[in-house]
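1. Predicted model and sequence follow; I will ask about them next.
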Amino acid sequence: MADNRIRVALTGNPNVGKTTLFNMITGSRQHVGNWPGVTVEKKSGFKMHKGYEIEVVDLPGTYSLTAYSLDEVVARDFIVDEKPDVVVQIVDATNIERNLYLTTQLMELGSKMIIALNMYDLAEERGDKLHVENMEKILAMPVVLTIASDNVGISELLDTVIAEKQKENHHSREIGYGDEIESRIIEVEKVLSQEDGLASRYPLRWLAVRLLDGDENILRKISGSSVALQIKSILESVDIEEYEALMADKRYEVISAMFPQMCERCMTRMTTSDMVDRVMTNKYLGIPIFLALMWGAFELTFSFANPFMVIIEMIFVWLGETAAFYIRPEWLASLIGEGIIGGVGSVFLFIPNIFILFFLLSMLEDSGYLARAAFIVDRVMYKIGLQGKSFIPMLLGFGCNVPAIMATRSIEDRMDRMATIMVVPFISCGARLPIYILFAGTFFSKNAGTVIFCIYLLGILVAVASAKLLRTTTLKGHPAPFILELPPYRVPTLKNSIRHMWDNGSMYIRKAGTIILGGSVVIWLLAALPWGVEYGSEDSFIGIVGHAIQPLLGPLGFDWKISVSLLFGFVAKEIVVASLGVLYGVGDDELALTDSLLADPNMYGITALSLMVFSLLYMPCIAVVGIIKKETGSWKWTAFSVAYGLAVAWLLAFIVFQGGKLLN
Amino acid sequence: MEQYSGRSKEKMFFAFLAGFLYLLAGSIQFVFSLSTVLDLFPVNSFENGLIGLLFAPSDLIGSLILVLIGSIFLYGLIELRNGLNEGIAYVYVGILISILFTVVYVLVIAGNWMELYLLNDTEICGWDILYDLRPAIYLGILPLCGYLIWRKEFRAMNK
């Protein structure tokens, strides 16, 4: 690497501000959340500073280097294998003691390290007295005060990175684990030194400590070496579990001795966050409060967005009429009016709802409340065979199932992880929202918000029931214990919430201009061809396809138009609404899609409900199927996810429609 | 926490009053909503009576939210009565949640108002502000007063 290039790894506990710091340094806009587990993959960016090109790599948060979960493995392997020039550990200044456990492990790696003491303003505000000089002396590394969210201390941090890189001598502190363990460490180190390649790649003492700590990941790394058998026999002669506990005790002992010299008055006190948590995580009130807040979000999503929807509807109706009036030949007018404007306009109509929902969810996330939501459902989740950590990907699933499935990497237990991946597609993503708003608004206008809330709730219930089923059959086992650090409550800032809303919501605008636009054209062609047939009639290609699949969906109350729209929904769920927009010919008609649906003799309340249930649960979109394959590494599980979703959706929609008919 | 004990009687009274009012309004609205859903009584007799006076139309989930807010205040009252100053947290959160729902309902009215008067949308022709007036809106005045009186104290809890 050239002398003016520096590679920096950002590491630290979850939710200490790594991604915020990364964004501030590199000018990126990676998603930042006020809960642990937002970063599951490493991300890199560049910054020019005083003539140096600094590559900054943001690693997933980790409490230790034991690497039990995939995101921890990503973080550790990068530091160990890629050997960045400098490792910056971001330490939450309001929780130094807990963060020091990772520091003690990082120190053993022998890398050049810097501590970025982040959010020090919050620590000082509550009366903590930080002794930065003592901290530097005790840890033998530079400490820089930062407030990443306000861009404070970033330049000083980069100066320190350059200074560290230029230092030739590097002094690091090591933890002493007591005579017995130390003698074993030396024994293992001696054996490891016999293998030529190991010493050049890893610090041998660190390898020895990890092996005696029962680290299977490290054991696999040396399994192909010539010393593997000797190491195995040493490890068999010691009680690994006891060593693991003793070594952890030693680290905590060292931390307890260091900590009072680094910070005065940093003892645990009851803060506003703690007080609020007494209520929010109350055994009886916690879940009702969560449900109430979610209901409020959906009510507002539906009601407050209405005027904005009316404006968008007016624009698209005008565009459709203008296209029909001015564009010749007629087929081109039909393509633009009925195909493109009708299809894309039907999806654009719901952009206000999507943005409002994401804005409200961002506010809840930024305030720190969503982490509590995972905590309060942990007891319920444990009963069904999952851990509360599985709820975090589920919550992310409200935005999009793709990052939600990626977020399962933070789940250590494989069975827990597989079960969570299988049930995440039942969580209603933003792309399904237009379907609910269209049908709930049309057929349940007064109670639309409540109906949509119930649909979302149904998604959670089906996910929970499916998890229980999987955990008692194919994915048997006990859920791993769940430890979640609750971040402090923060007043969400308008700027951050708007940014998060835009990050999540703009995806739908991009999709409207690409995949939905393309899908609308394809649907128009299928509806207009073969030449000479009546547009969108039963004789058109789309009519033929619709009639072919309609017998399967007829028992759910769906006619061929709905059936074919659902089929295209496999590409992206928004296409269901876009297809209906094209098929009901909204573009050049003064009637809006809602009016066309109301005028359809095959559509009534119970059909709408059945359709919403089916749309919620049936097979995930193509992007989600792709990510399921990637994360499970199995076609069998991917096929199972699709088939299981279809079966559950069909069954529940059948019950809703036929049950509703019986009651009527 | 000692700083709050001097004023805890005020908060106890506030928690009692707010808890009682929310619970009462929520219970009445719940009974009305349930009877509407189950078609137990003629709707008009309710709407013209107490329900009309309270602006509490049939809204099952809305009524449960009022009951929930009332319960939070009363939970706080019980803790304060038992000498647990942490009961203040319940008063604090109760105030925040009740204001939050007041804002939600006011925004619903604002949305409908914009739709009717700014955009002349015929779909909600005949809409009147009274249709969307909910107990959570006028009951929210009390927690708002509580917030204005104690906001500095609540913020200081962190110090």
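-> That came in fine, so what should we check first?
2. Chain B contacts on chain A?
-> When proximity is defined as C-beta under 8 Å from any C-beta of the partner chain, chain A approaches chain B at A:125-127, A:270-273, A:275-276, A:278-280, A:282, A:285, A:288-289, A:292-293, A:295-296, A:299-300, A:303-307, A:310-311, A:314, A:450, A:453. (C-beta placed from N, C-alpha, C; glycine too.)
3. Go through the longest helix anywhere in chain A and flag the buried ones.
-> Longest helix in chain A by number of residues (criterion: DSSP state H): helix A:635-663. The neighbour-count criterion (16 or more other C-beta atoms under 10 Å in any protein chain shown) identifies A:637-638, A:640-642, A:644-645, A:648-650, A:652-654, A:656-657, A:660 as the buried residues of helix A:635-663.
4. Report the mean confidence score over it.
-> Average pLDDT, helix A:635-663: 93.
5. Identify the residues contacting stretch B:135-146?
-> Contact with stretch B:135-146 is made by B:14, B:17-18, B:21-22, B:25-26, B:29, B:54-56, B:62, B:65-66, B:91, B:94-95, B:98-99, B:101-102, B:104-106, B:109, as judged by C-beta atoms under 8 Å, 6 or more residues apart in numbering or on different chains.
6. pLDDT weak spots in the stretch 551-664 of chain A?
-> Residues of the stretch 551-664 of chain A meeting the criterion pLDDT under 70: A:585-592.
7. Residue of it closest to chain B, please.
-> A:Thr594 (8.6 Å; C-beta to the nearest C-beta).
8. the strands in chain B, which residues?
-> In chain B, no strands are defined using DSSP state E.
9. Equivalent analysis for the stretch 51-200 of chain A, please.
-> Residue ranges of the strands in the stretch 51-200 of chain A, as given by DSSP state E, counting those that start in this stretch, are A:52-58, A:86-92, A:113-118, A:129-130, A:143-146.
10. Including distance to A:Ile255, mean neighbour count and mean pLDDT, could those strands go into TSV?
-> Below are those laid out as TSV (distance: least, C-beta to C-beta, whole Å; neighbours: other C-beta atoms under 10 Å in any protein chain shown; pLDDT from 0 to 100):
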stretch	distance to A:Ile255	mean neighbour count	mean pLDDT
strand A:52-58	25	20	90
strand A:86-92	12	26	93
strand A:113-118	14	25	93
strand A:129-130	16	16	85
strand A:143-146	16	23	94
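11. Could you measure from the residue of the stretch 451-600 of chain A found nearest chain B over to A:Val8?
-> Closest residue of the stretch 451-600 of chain A to chain B, C-beta to the nearest C-beta: A:Phe453 (7.5 Å). Separation of A:Phe453 from A:Val8 (C-beta to C-beta, to the nearest Å): 45 Å.
12. what ranges of chain B fall below the confidence cut-off?
-> In chain B (pLDDT under 70), the answer is B:1-7, B:37-56, B:119-126, B:154-159.
13. Spatially central residue in it, please.
-> Nearest to the geometric centre of chain B sits B:Ala136, at 3.6 Å (C-alpha atoms, centre = their mean).
14. With adjacent residues omitted, what lies nearest to it?
-> Distances taken as C-beta to C-beta, 6 or more residues apart in numbering or on different chains put B:Phe101 closest to B:Ala136, at 4.7 Å, once the chain neighbours are dropped.
15. The one you found is in contact with A:Gly296, isn't it?
-> Yes. Using C-beta atoms under 8 Å, B:Phe101 is in contact with A:Gly296, at 6.2 Å.
16. Of the two, which one has the most company?
-> Ranked by neighbour count (other C-beta atoms under 10 Å in any protein chain shown), B:Phe101 and A:Gly296 place B:Phe101 first, with 26 against 23.
17. From B:Pro135, how far out is the more buried one?
-> For B:Phe101, the distance to B:Pro135 - C-beta to C-beta - is 10 Å.
18. what about B:Leu118, distance to chain A?
-> 7 Å (C-beta to the nearest C-beta, to the nearest Å).
19. okay, now the closest residue to that residue other than its chain neighbours: neighbour count?
-> Spatial nearest neighbour of B:Leu118, excluding adjacent residues (C-beta to C-beta, 6+ apart): A:Pro307 at 6.8 Å. When counting by other C-beta under 10 Å, one arrives at 20 neighbours for A:Pro307.
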